[in-house]
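K.L.:
Quick one, what's the 3D model for this:
(2 chains)
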Amino acid sequence: DIVMTQSPDSLAVSLGERAAINCKSSQSILYSSNNKNYLAWYQRKPGQPPKLLIYWASTRESGVPDRFSGSGSGTDFTLTISSLQAEDVAVYYCQQFYTTPTFGQGTKVEIK
Amino acid sequence: EVQLVESGGDLVQPGGSLRLSCAASGFTFSGHWMSWVRQAPGKGLEWVASIEEDGTEKYYVDSVKGRFTITRDNAKNSLYLQINSLRAEDTAVYYCARRNDFQNWFDAWGQGTLITVSS
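P.N.:
This is a model prediction of the structure:
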């Protein structure tokens, strides 16, 4: 199985400031034939199920605010919230779909 | 609007069995792979099982093979998970999730149903 490791486990950011969450895979999840990274990001707010934010490492799901962006390739990826809003308080998960799906352990984002 | 509503979670003794259900609406259920994903208390998300559109192909995480069975009834727009030989480590919220049309990411989730395995 591909192991996904996120860092940090939690971070506190001031409103309006940038938040960055890292995700590292134990092997490359870049498929050479289509040059796509098989990575998705989810947001899980308290009491709610996960919500898809990004797929193919950098493609935003319809309706997701553009302050959320994904980057990276191969084994190292980043989810960036450009200007943190109060409603962004949540736990964020990365997930690879290169092989049978596996998730990172989650990163809790709070307001400083 | 896509809706997935799970039911069937309960407090069960170790070794017991349970059947989870997921009622789907707002989309063409028979046109999508469907999955179960769980989250144990204080832990991360874990994919459990997936089933192809017509129910012929099924995949499971190694830790549940031989104990869990995923099925679907497209006429009833419903997904199921039969869980046997329950263990304490199966304690979790179980989510029904719709797989994307093309790849193994999950673009719709239910609210989840809780299974607690305890004597």
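
K.L.:
secondary structure class for the residue of chain A most remote from its centre?
P.N.:
Largest separation from the mean C-alpha position in chain A: residue A:33, at 23.6 Å (Cα atoms, centre = their mean). Applying DSSP: H, G, I helix; E, B strand; the rest coil to residue A:33 yields a three-state assignment of coil.

K.L.:
Tell me how far it lies from residue A:40.
P.N.:
Distance of residue A:33 to residue A:40, computed by Cβ to Cβ, to the nearest Å: 19 Å. Any C-beta I mention is one placed from the backbone N, CA and C, and that applies to glycine too.

K.L.:
For burial, what's the neighbour tally of residue B:101?
P.N.:
For residue B:101, the number of neighbouring residues by other Cβ atoms under 10 Å in any protein chain shown comes to 9.

K.L.:
wait, isn't it in contact with residue B:32?
P.N.:
Yes: Residue B:101 is within contact range of residue B:32, at 7.0 Å (criterion: Cβ atoms under 8 Å).

K.L.:
Can you give me the neighbour number for residue A:91?
P.N.:
One way to gauge burial is a neighbour count; for residue A:91, by other Cβ under 10 Å, it gives 20.

K.L.:
Let me fix that, I meant to ask about residue B:86.
P.N.:
A count of nearby residues for residue B:86, using other Cβ under 10 Å, gives 21.

K.L.:
hmm, stretch B:109-119 touching chain A?
P.N.:
Yes: residues of stretch B:109-119 contacting chain A under Cβ under 8 Å from any Cβ of the partner chain: B:109-112.

K.L.:
List only those of those residues flagged as buried.
P.N.:
Neighbour counting over the residues of stretch B:109-119 next to chain A (16 or more other Cβ atoms under 10 Å in any protein chain shown) leaves B:109-110, B:112 as the buried ones.

K.L.:
Closest to residue A:100 out of the residues you listed?
P.N.:
Within these, distances to residue A:100 taken as Cβ to Cβ reach their minimum at residue B:109, with 18.2 Å.

K.L.:
Just give the closest residue to the closest one, not the sequence neighbours.
P.N.:
In space, not counting the residues next to it along the chain, residue B:109 is nearest to residue A:49; the distance is 3.8 Å by Cβ to Cβ, 6 or more residues apart in numbering or on different chains.
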